[in-house]
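Student: This is a predicted model, with the sequence first.
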Amino acid sequence: MRVYPTFFKLAFSWMDAERAHKIGFKGIRLAHATGAGRVLQKLTAPAPSLRTTAFGVTFPSPFGLAAGFDKEGLGIEALSELGFGHVEVGTITGQAQPGNEKPRLFRLVQERAVINRMGFNNDGAGAVAPRLKAARAALQRRYPDVRPVIGVNIGKTKVVELADAVDDYLVSARSLAPAADYLVVNVSSPNTPGLRLLQDVETLRPLLVAVGQEADRAAGRHVPLLVKIAPDLSDEDIDDVARLALDLKLDGIIATNTTIARTGLSSAAGDVEKCGAGGLSGAPLKQRSLEVLKRLKNATDDALALVSVGGVESAQDVQDRLDAGATLVQGYTAFLYEGPFWAARINRQLAKRRHR
């Protein structure tokens, strides 16, 4: 019997969502700081059979934590102790910024979903970089064989004009690439004005070229580069992005970010409207995210890695994405509802499937 859903209902469901997130994250980090996480890790570590290679990097498990949970690289080691094969940090911007006004994070519990308009609140690339460097070194010491992987997701600073976006992304690439196992260019959040305009391939091409070159130069090695796209793109736009990724020889595509759509929800319209604008994540995104994955797979075959995220809740969901062509799978929203043993449970069930 799983205890966490009852605990969530009693302790967190009535609380402001952002406050609940901060309390939960502090608890995870406290477990690490006290040494409890190290003991816990013996129970949550992914089975060796789950090791997966993507863009030349070996992951302990194909299942990882999507960007958005640890926005500033404060809990990479602690989250790794819960069984995630990788932790994607961010979104991080070139300049520190507070994000949008609160409240900006809302649950739709009946939907097992979340609406957020956080607005890339973070300490900025310069402050996050040393945290990533320290976490990477600590993971290398602790996991000499195959360690949890650190992904870094970068976006545009809100006050920077679109015309200056490339230079802004380069600030982040320059600071963060040396400590990143892979780098993600986020052009698909709905919460930074104008950001999704960068998904147009003619605008996206020079951005990806510049970031890739700067990341490799700063790190002194090739840093795998991926782009994260929205589920709201048309099928034709998805095909265009796939062709661009192949042309530029990107290492992968992450599909998908949150959606601005509100279709298919069973919650009362008034309850949804109270949440206001923002990106919807969680179970309602499952079908569209899988559709985008399948379309990208058809367009790219095995030429690059596909990372599937959106509506992933169970080991069956992860397996469905892997079967549909994903190399890696990420989750986030279900973590809020399922609790700290979510990743370990998924890994355990995936390993059982592989032993059959």
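Tutor: Received the coordinates, thanks. Not measured: the values here are computed from a predicted model. Numbers count the residues shown, from 1 in each chain.
Student: use CA for all of it now, contacts and neighbours both
Tutor: OK.
Student: how about the strands in the stretch 151-300 of the chain?
Tutor: 182-186, 225-229, 252-255, 279-282 (DSSP state E, counting those that start in this stretch).
Student: any chance of those in TSV, plus mean neighbour count and distance to T6?
Tutor: Listed next are the strands of the stretch 151-300 of the chain as TSV, based on neighbours: other Cα atoms under 10 Å; distance: least, Cα to Cα, whole Å:
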stretch	mean neighbour count	distance to T6
strand 182-186	26	35
strand 225-229	24	34
strand 252-255	26	32
strand 279-282	25	19
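Student: which residues touch the residue nearest to the spatial centre of the chain?
Tutor: By Cα atoms, centre = their mean, the chain has its centre lying nearest to A66, at 2.1 Å. Shown in contact with A66 (Cα atoms under 8 Å, 6 or more residues apart in numbering): 87-89, 309, 330-332.
Student: For those residues, which single residue is the most surrounded?
Tutor: V309 (30 neighbours; other Cα atoms under 10 Å).
Student: was I right about it contacting T256?
Tutor: Yes: using Cα atoms under 8 Å, V309 is in contact with T256, at 5.5 Å.
Student: what residues are shared contacts of those two?
Tutor: S289.
Student: related to what we said a few turns ago, and the furthest pair within the contacts of A66?
Tutor: V89 and V309 (14.7 Å; Cα to Cα).
Student: so how far is G279 from A230?
Tutor: Using Cα to Cα, to the nearest Å, A230 is found at 10 Å from G279.
Student: ditto for L248
Tutor: From L248 to G279 the distance is 29 Å (Cα to Cα).
Student: now do L246
Tutor: 28 Å.
Student: same question, Y337
Tutor: 18 Å.
Student: Break down the stretch 201-350 of the chain into its helices, ranges please.
Tutor: 201-219, 235-248, 269-275, 286-300, 315-323, 333-338, 342-355 (DSSP state H, counting those that start in this stretch).
Student: do you know which of those helices lies nearest E101?
Tutor: helix 269-275 (13.1 Å).
Student: Looking at the closest one now, give me its mean pLDDT.
Tutor: Mean pLDDT, computed over helix 269-275, is 89.
Student: helices and strands of this structure: which one bottoms out on pLDDT?
Tutor: helix 4-11 (a mean of 71; mean pLDDT, DSSP states H and E).
Student: how about that helix: buried residues?
Tutor: By neighbour count on 16 or more other Cα atoms under 10 Å, the buried set for helix 4-11 is 4, 8.
Student: can you list contacts of that helix?
Tutor: 337-339.
Student: what's the closest of those to Q319?
Tutor: When the contacts of helix 4-11 are compared against Q319 (criterion: Cα to Cα), the nearest one is E338, at 18.0 Å.
Student: Tell me how many other residues crowd the closest one.
Tutor: When neighbours are counted by other Cα under 10 Å, E338 comes out with 19.
Student: contact partners of stretch 301-314?
Tutor: 54-55, 66, 246, 249-258, 281-287, 289-290, 293, 296-297, 318, 321, 325-331, 333-334, 346.
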